[in-house]
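Participant: Here is a sequence with its predicted model. Questions after.
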Amino acid sequence: MLTILSILSVIAAVCASATIICTLLTMYQFVYIAQIFNSYKLIQITLAITMFFWALRFFVSETGWKKRVYPIIFLFVAVGALYFMIIYVK
């Protein structure tokens, strides 16, 4: 289970990084990639998914205070990203 979570966490982080790069290139009109990269909504979605995976990974793999504190921080970031997406921050 831990290796699956580790692999999914890394894949989600790579996808989030690629999304950030594509969005910034499209938003600042260096390169037009696709219509979906014209807003920050995709960044917020991939950030939330990545943070949920990392929170789950830290909850399963760590011990002690890291098992409780790190997932809370990651979930706070994920919920914050979803909140800003809901209130239409562009």
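Facilitator: Cool, the structure landed.
Participant: Find the residue at the geometric middle of this structure.
Facilitator: L47 (1.8 Å; C-alpha atoms, centre = their mean).
Participant: Excluding chain neighbours, give the residue nearest to it in space.
Facilitator: Nearest in space to L47, with sequence neighbours left out and distances taken as C-beta to C-beta, 6 or more residues apart in numbering, is A81 at 4.7 Å. Bear in mind the C-beta positions are built from the backbone N, C-alpha and C, glycine included.
Participant: Any idea how far the strand or helix carrying the one you found is from the middle of the chain?
Facilitator: Taking DSSP states H and E as the criterion, A81 maps to helix 65-86. With C-alpha atoms, centre = their mean, to the nearest Å as the basis, the distance from the averaged C-alpha position of helix 65-86 to the chain average is 10 Å.
Participant: Okay, T23 and I33: tell me how far apart.
Facilitator: Here the distance between T23 and I33 works out to 8 Å (C-beta to C-beta, to the nearest Å).
Participant: So, low pLDDT: which residues of the protein?
Facilitator: Across the chain, the ranges flagged by pLDDT under 70 are 89-90.
Participant: Show me where it has its helices.
Facilitator: Along the chain, the segments classed as helices by DSSP state H run 2-27, 41-61, 65-86.
Participant: Out of those, which is the most enclosed?
Facilitator: Highest mean neighbour count of these: helix 41-61, a mean of 19 (counted as mean count of other C-beta atoms under 10 Å).
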